[in-house]
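Participant: Sequence plus the predicted model coming up.
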Amino acid sequence: MKVQVLSIQSAIAPNTHEVVLSVGTDTQKFIFTTEVNRVGEHLLQTTHGDRTFSEVFKFNQRVAMNVTNLVVKCYNRETVNLPADVGVLVTPETALSKQKPFENNSLADTESQQTTAVDRETRQRAIAILEQLPEAVLDEAVRFLESLYVQCDRVE
């Protein structure tokens, strides 16, 4: 089914947007929330859809990413031309059938992966920076660091 973003409007709550999507012949509304947290000297902006949006699009991550990117543009006051085609919603069975197996993939063989040891001084400096962060942003900082680890792990 074809998915289109019909409108993106600021919602009542701060930093939230109501997004109206056309999914096939149905129209659905979702709430997106944007958070901006300081991690060290940097601001980290995250935008995510509500639980219903996550459930509807859990097997259609490309479509979900396209919708989220449009919401981010609206939040950042960039021009967005609507309605906008964001992809095709497929059934969970179709999505699973298109997945590529992990076999013969270097990412699947964790025992053979070589990790580069971080020198003691760098590790201590990183720990010191994390210890200075306010409690409210620690979870976000850990998620950010984990995402960097995953991204760096995949670079060859």
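Facilitator: Structure received.

Participant: which strand is the longest one in the chain?
Facilitator: With secondary structure taken from DSSP state E, the chain has its longest strand at strand 26-39.

Participant: Pull the residues that contact that strand.
Facilitator: 6, 11, 13, 15-21, 43-50, 52-53, 56, 68, 71-72, 75, 133, 136-137, 140-141, 144 (CB atoms under 8 Å, 6 or more residues apart in numbering). Backbone N, C-alpha and C define where each C-beta goes, glycine included.

Participant: Tell me which strands the helix or strand following that strand pairs with, and in which orientation.
Facilitator: Using DSSP states H and E, the helix or strand that directly follows strand 26-39 along the chain is strand 42-49. Strand pairing for strand 42-49, determined by DSSP bridges: strand 26-39 (antiparallel).

Participant: Strands along the protein, start to end?
Facilitator: Going by DSSP E, the chain shows strands at 2-10, 16-23, 26-39, 42-49, 84-88.

Participant: Residue 124: neighbour count?
Facilitator: 11 (other CB atoms under 10 Å).

Participant: how deep is the residue nearest to residue 50 when sequence neighbours are not counted tucked in, by neighbour count?
Facilitator: Sequence neighbours aside, residue 31 is the residue nearest to residue 50 in space, at 4.6 Å (criterion: CB to CB, 6 or more residues apart in numbering). Using other CB under 10 Å, residue 31 is surrounded by 17 other residues.
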